[in-house]
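J.: My questions are about this predicted structure, shown below with the sequence.
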Amino acid sequence: MEMESAISRAQSHGLPEGNNHPPHNPDDRWPLLANWRQAIARQLPTPAPDTAAIAWKKAALASGQHEFTDTKTEMVERAIADDSAFLSSRPVRRKKGHAKAKGLRRSPRRVGRGHRQTVRCRHGAFSEIR
């Protein structure tokens, strides 16, 4: 929508960048807006797979993105509460070997004279040795 607005302004002011796009029709915006609102209305009640999705739902609720749909505020709040309860009852998954990888430290190998080798240190940083 913002890009469409920028294109229409460029065309209305006669800027050459506006000629790279088809003529702007303001009536074309309404179907896009309806599709966007429908997508928001479908996403809000779906279960959140992680905490980032819960944060997005909270931000969408706070900004009022659901107000122009049939979605009620109470339903969104209930979905957020259900998602939070579900995710907090599940253990956090870690990659296999994660605990082992913390304690490992590679000892640098000596390389021939004048050559450099990059070695990964314990904290994930890279250091260069000679």
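T.: Yes, it's here.
J.: where's the residue nearest in space to the middle of the chain relative to residue 85, distance?
T.: Central residue of the chain (Cα atoms, centre = their mean): residue 52, 7.9 Å from the mean position. The gap separating residue 52 from residue 85 is 17 Å, by Cβ to Cβ, to the nearest Å. Just so you know, the C-beta spots here come from the backbone N, C-alpha and C atoms, and that holds for glycine as well.
J.: quick revisit: so where does the residue nearest to the centre of the chain fall, helix or strand?
T.: Assigned by DSSP states H and E, residue 52 belongs to helix 51-63.
J.: now residue 85
T.: helix 73-88.
J.: what does the average pLDDT come to for that helix?
T.: Averaging pLDDT along helix 73-88 yields 93.
J.: Pull the residues that contact that helix.
T.: 44-45, 47-48, 50-51, 53-54, 57-58, 60-61, 66 (Cβ atoms under 8 Å, 6 or more residues apart in numbering).
J.: All the strands of the protein, residue numbers only.
T.: With DSSP state E as the criterion, the chain has strands at 117-120, 126-129.
J.: correct me, but residue 48 touches residue 57?
T.: Yes. Counting by Cβ atoms under 8 Å, residue 48 does reach residue 57; the two are 6.5 Å apart.
J.: out of the two, which sits in the more crowded spot?
T.: Using other Cβ atoms under 10 Å as the criterion, residue 48 and residue 57 rank with residue 57 on top: 23 against 20.
J.: Distance of the closest residue to residue 47 other than its chain neighbours relative to residue 76?
T.: Using Cβ to Cβ, 6 or more residues apart in numbering and skipping the chain neighbours, the partner closest in space to residue 47 is residue 83 (6.1 Å). For residue 83, the distance to residue 76 (Cβ to Cβ) stands at 11 Å.
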